[in-house]
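Trainee: what's the 3D shape of this:
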Amino acid sequence: MAEVKEVKEITGGVTAAKGFRAAAAAAEIKYKGRTDMAMIYSETPCVAAGTFTTNVVKAAPVKWDQNVVYHHPAAQAVICNSGIANACTGEEGYGYCRQTAEAAAEILGIPTESVLVASTGVIGMQIPIDRIVNGVKMMVPVLADTLEAGTEAAKAIMTTDTVKKEVAVQVEIGGKTVTVGGMCKGSGMIHPNMCTMLGFVTTDAAISKEMLQLALSEDVKDTYNMVSVDGDTSTNDTVLLLANGKAENPEITEKNQDFELFCKALSYVNTTLAKSIAGDGEGATALFEVKIVGAKSKEQAVTLAKSVVTSSLTKAAIYGHDANWGRILCAMGYSGAQFDPEKVDLYFESKAGKLKIIENGVSTGYSEEEATKILSQEAVTAIADIKMGTAQATAWGCDLTYDYIKINADYRS
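Mentor: A predicted model of the protein is given here:
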C-alpha cells in the first residue's frame, strides 16, 4: 500500500533534519564520569510548539519554556541538563533559567528569549549555575550536525534511563523531502497527562507556528499521553517541537494533505519515542501494550486502556508471566467507563504467538503453559474487544519489578 511508504524511518535523531546541530558536555551537575548536558541549535530561527506537564507544581524550566513558546515568535536553541530538575526552587531557580539562556544567547549571538531550557533529575535542589554556564561554553564550539552529535545529546539527558532514545523519519511534502527527528528521556515518574517526560523534536518543514502547535497538541493525546510507568505525573514534563523551514516545502498554513503528511511523520516519531519510554520503565523487563478495540467512543477506549496499563496488580502479573486475566477485567471495571463484562473477549499476544484468554467474559480453558510462553517476551500486548462499536485506543506501560522499588528507594543518593 502506498500509504505505508509515505513515512520512511531513517537513522538519526535531533540532527537528522537540515540545519540542526547538537552537542553534549560533562558539566558535573550531579553525575560524574558521564555527560549531563545537551544542546540543540538551529542555524536559523525556528517556529516552536510545546506541550507541558499538567502538574500544578511546575518546574522553573517549564515556566520559562511556556513563556518562550506562547509569547515569542521564534526559538533557536535548547539547553538541557540531567541530574537536577530545578523544580520547587522558587525565584532563584527561575533566575537560573534566565542565566542559562543568557549565557547561550551571548555566545550564539541570538536573543535570550529564543533559548529554551529543560532540566531533569532530583526535585528541590538548586542547580549549580556556574557549572551550567561552563557546560554551555563547552558545547557551543563543538556543535555538529552529525549523527554522532545527536546521539551524544540523547545520551546526555538520561537519568535512570538505561538506553538512549532517538528516531528520525522522512516524508515527501510538496515535492520536497521533509525530515522529522527527535530524542527523549523518561524512565520513572511517568504517567499520562501531557507530558510524561522530556522530548525534543526537530524538523526542517516549513509550517506556521499555529499549525505546528496544533499538530503537536493533537498528537500527544495518542502518543505520550498514552504512556504510564508508575502513575506519577512529573513536575518537569515537556515536549518541544522546532521547525526551521529549511526543507523549503510550500509553507503549511492550513489543514490540508501536506498537513496530514506532516502529522503522520510527527506521529511516527512521537509514537516510537513514547513506546521506548514505556519499554525502558525503571526496573522493567517488558514493554506492556494494552489495546482496547470495539469501543463505543475513543474516550471510552482511552479510559479503559489507561486503567489496565496503570494497574499495579496487572503490571506485577506481567512481570511474573502470569495470565491472571481477572486483574485486567477488574481494572477495566473500576475505570469509570461503562461496558458489559459478559461480552468481553481478551487476547494476549507477543512474538511467541496470540492466544484468546477469555470469550464473552469467561475463560476459554486456554493452556497456561502457552500463555506463559507468550508473556515471557520483552514486548507483550493485551487486546480487549468490548464489542460496542468501532473505536479503539492503545496505551503503553511496563511490568512492575523488584528493581523499580530499589531504584526509587535510594534515588537521591
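Trainee: use CA for all of it now, contacts and neighbours both
Mentor: Fine.
Trainee: Okay, now the unreliable bits of the protein?
Mentor: Scanning the chain for pLDDT under 70 picks out 1-5, 188-196, 231-233, 411-413.
Trainee: Let's check: the centremost residue of it is which one?
Mentor: Residue closest to the average C-alpha location in the chain (CA atoms, centre = their mean): Ala274, at 4.2 Å.
Trainee: Go ahead and confirm Asp322 touches Leu375.
Mentor: Yes: with contact defined as CA atoms under 8 Å, Asp322 counts as touching Leu375 (7.2 Å).
Trainee: Going along the chain, name the strands of the stretch 51-200 of the chain.
Mentor: Along the stretch 51-200 of the chain, the stretches classed as strands by DSSP state E, counting those that start in this stretch are 75-84, 115-122, 165-173, 176-185, 198-203.
Trainee: quick one: contacts of stretch 97-107?
Mentor: By CA atoms under 8 Å, 6 or more residues apart in numbering, the residues outside stretch 97-107 that reach it are 60-61, 64, 79, 111-117, 129, 132-133, 136-137, 140.
Trainee: Let me have the strands of the stretch 51-200 of the chain in a markdown table, extended by mean neighbour count and distance to Thr235.
Mentor: Output for the strands of the stretch 51-200 of the chain, formatted as a markdown table (neighbours: other CA atoms under 10 Å; distance: least, CA to CA, whole Å):
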| stretch | mean neighbour count | distance to Thr235 |
| --- | --- | --- |
| strand 75-84 | 26 | 12 |
| strand 115-122 | 25 | 9 |
| strand 165-173 | 23 | 21 |
| strand 176-185 | 26 | 14 |
| strand 198-203 | 27 | 11 |
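Trainee: returning to what we had before: please confirm that the residue nearest to the centre of the chain is located within a helix.
Mentor: Yes: secondary structure of Ala274 (DSSP: H, G, I helix; E, B strand; the rest coil): part of a helix.
Trainee: Work out for me the element Trp396 sits within.
Mentor: Element membership for Trp396 (DSSP states H and E) is strand 391-398.
Trainee: buried stuff in the helix or strand that that strand is followed by?
Mentor: Using DSSP H and E, the helix or strand that follows strand 391-398 in sequence is helix 402-409. For helix 402-409, the neighbour count (16 or more other CA atoms under 10 Å) marks Tyr404 as buried.
Trainee: Contact partners for Gly342?
Mentor: Residue 342: Glu, not Gly. Glu342 neighbours (CA under 8 Å, 6+ apart): 360-362.
Trainee: I'd like to know which of these is nearest to Val68.
Mentor: Nearest to Val68 out of the contacts of Glu342 is Gly361 (CA to CA; 51.1 Å).
Trainee: just checking, that closest one touches Phe339?
Mentor: No: Gly361 lies out of contact with Phe339 (CA under 8 Å); the separation is 11.4 Å.
Trainee: Quick check: the gap between Lys315 and Glu359.
Mentor: 22 Å (CA to CA, to the nearest Å).
Trainee: okay, Asp322 and Leu375: which has more neighbours?
Mentor: Between Asp322 and Leu375, Leu375 has the larger neighbour count (other CA atoms under 10 Å), namely 28 against 18.
Trainee: Am I right that the more buried one is in contact with Ile318?
Mentor: Yes: counting by CA under 8 Å, Ile318 is a contact partner of Leu375 at 6.7 Å.
Trainee: Next, Ala331: phi, psi?
Mentor: Backbone geometry at Ala331, expressed as degrees, to the nearest 10, gives phi -60, psi -40.
Trainee: Please read the previous query as pertaining to Ser311.
Mentor: According to degrees, to the nearest 10, Ser311 has phi -70, psi 120.
Trainee: Contacts only, for it.
Mentor: 328, 331.
Trainee: at 7 Å instead, please
Mentor: Listed by CA atoms under 7 Å, 6 or more residues apart in numbering, the contact partners of Ser311 are Ala331.
Trainee: returning to what we had before: dump the strands of the stretch 51-200 of the chain to JSON lines, plus distance to Tyr94.
Mentor: Shown next, in JSON lines, are the strands of the stretch 51-200 of the chain (distance: least, CA to CA, whole Å):
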{"stretch": "strand 75-84", "distance to Tyr94": "14"}
{"stretch": "strand 115-122", "distance to Tyr94": "11"}
{"stretch": "strand 165-173", "distance to Tyr94": "28"}
{"stretch": "strand 176-185", "distance to Tyr94": "22"}
{"stretch": "strand 198-203", "distance to Tyr94": "18"}
